[in-house]
Structure formats: C-alpha cells, structure tokens
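# what follows is a protein structure lacking sequence information:
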C-alpha cells in the first residue's frame with residue numbers, strides 16, 4: 001500500500017457500494033459512530049468521551065479521505081470542537097494532498113464559534129470550507145452571528161422555515 005491509498009479493508013468494505021445505483025440528485029451516505037458498552041456516545045453533561053483506540057482513529061481518518069463531506073450537529077461541534085480532517089495519516093510526497101471532506105454543521109441558530117477548529121483549519125489551509133445549515137431568522141443578533149461566521153470563512157446555507165418551525169416545502173437546490 002502506498003501512502004496515498006486507503007487500507008484494503010476500507011476499500012473492500014466501502015467499494016461494495018460503488019455498484020449501488022444512487023440517483024444523481026442524492027448522496028451516498030456512510031454512517032459511523034462510536035459508543036461505550038453502556039450505549040453512551042458522550043460523557044456526563046455532554047463532555048467529550050474518547051471511545052476509539054488508535055487503530056480505530058486511523059481507520060476513521062482514512063475513511064474521511066474517501067468521502068466528500070462529514071455532517072455533524074451543533075452539539076458535537078460545540079462540545080468536541082472537532083477538526084473533521086485527515087490529519088493522522090502518513091505524510092505524502094511533495095505536491096500530493098489527501099482528499100479532505102467538507103465539514104457540514106447543522107446549526108439552526110448559528111451558535112458555532114467563529115474561532116472553532118473547523119474555521120481555523122480552513123483559514124490555515126488544513127481543511128475545507130465549512131458549510132453551516134441554519135434556519136433563516138429575522139433578528140439583529142442572528143444577522144450579526146451570520147456576518148461574523150461568514151467573515152471567518154463559513155458558507156452559511158439558510159433554509160427558510162415558517163413561523164411554527166416547520167420544514168420548508170423543498171430544500172434549497174444546493175442540498176438536493
């Protein structure tokens with residue numbers, strides 16, 4: 001295996017899905033998570049809990065290079081301040097880069113910190129531009145958060161919702 005190739009285990013397992021017909025306007029999704037023996041995915045009071053060993057983390061970073069995006073909720077983004085890149089892999093030859101997944105954060109109220117690692121990594125060239133999916137709110141504080149996150153480098157995708165918080169009739173074209 002050369003440095004730019006994912007381990008055979010991953011290409012064998014995930015490669016099975018390349019023959020599945022996926023409609024052109026739909027993504028192929030891989031769901032991953034880790035949990036403790038007592039079915040927990042976070043520590044007490046939502047604190048980050050290390051659940052994966054070194055080998056599992058390495059496979060996770062390889063898997064990231066095989067995907068276009070990683071979707072997390074705002075709870076994970078706030079509690080863990082994740083990087084969602086592929087930093088644990090062997091160095092590549094000069095001029096080569098691993099495929100990095102785009103971080104996508106579901107954050108209805110724009111609570112993501114403009115100084116989070118996702119935006120810092122993007123600014124430093126160590127990660128892709130994060131997309132934040134949020135509800136449109138007509139409020140001065142929300143507009144200030146929107147402007148601050150955009151200045152920090154985030155692409156904010158606004159989804160209009162009705163006054164009762166119901167979902168829109170159809171998603172924006174970018175999300176179809």
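Yes, it's here. Fair warning: this is a prediction, and the values are worked out from it, not measured in the lab.
# buried set for stretch 110-117?
Going by neighbour count (16 or more other C-beta atoms under 10 Å), the buried part of stretch 110-117 is 110, 112, 114, 116-117. C-beta: built from backbone N, CA, C; applies to glycine.
# oh sorry, the question was meant for stretch 53-67
Here stretch 53-67 shows 59, 61-67 as buried, counting by 16+ other C-beta under 10 Å.
# re the thing from before, can you name the two of the buried residues of stretch 110-117 that sit furthest apart?
Farthest-apart pair in these is 110 and 117; separation 17.3 Å (C-beta to C-beta).
# picking that back up, go through the buried residues of stretch 110-117 and name the one nearest residue 151.
Comparing those against residue 151 with C-beta to C-beta places residue 114 closest, at 7.4 Å.
# in three-state terms, label residue 70 for me.
Under DSSP: H, G, I helix; E, B strand; the rest coil, the three-state class of residue 70 is strand.
# hmm, back to that, sitting in strands, which of the buried residues of stretch 53-67 do you find?
Using DSSP state E, no member of the buried residues of stretch 53-67 falls within strands.
# okay, now the unreliable bits of the protein?
Residue ranges of the chain with pLDDT under 70: 1-6, 9-10, 13-20, 28, 34-51, 162-176.
# quick one: the strands in it?
Along the chain, counting by DSSP E, strands occupy 69-73, 102-106, 131-135, 155-159.
# adding distance to residue 144 and mean neighbour count, write these out as CSV.
Shown next, in CSV, are the strands of the chain (distance: least, C-beta to C-beta, whole Å; neighbours: other C-beta atoms under 10 Å):
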stretch, distance to residue 144, mean neighbour count
strand 69-73, 22, 16
strand 102-106, 18, 21
strand 131-135, 14, 21
strand 155-159, 13, 15
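# residue 29: which of those is closest?
Among the strands of the chain, strand 69-73 comes nearest to residue 29, with 8.5 Å by C-beta to C-beta.
# just the angle between the closest one and strand 131-135, please?
Comparing the axes of strand 69-73 and strand 131-135 via axes from the mean of the first three to the mean of the last three C-alpha atoms, to 10 degrees yields an angle of 40 degrees.
# note down every partner strand of strand 69-73 and its orientation.
strand 102-106 (parallel) (DSSP bridges).
# can you list contacts of the partner strand?
68-74, 77, 82, 84, 112, 118, 127-133 (C-beta atoms under 8 Å, 6 or more residues apart in numbering).
# quick one: it to chain centroid distance?
Taking C-alpha atoms, centre = their mean, to the nearest Å, one finds strand 102-106 lying 4 Å from the centre of the chain it belongs to.
# with distance to residue 7 added, can I get the buried residues of stretch 53-67 in CSV?
Formatted as CSV, the buried residues of stretch 53-67 follow (distance: C-beta to C-beta, whole Å):
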residue, distance to residue 7
59, 7
61, 11
62, 6
63, 9
64, 13
65, 11
66, 10
67, 15
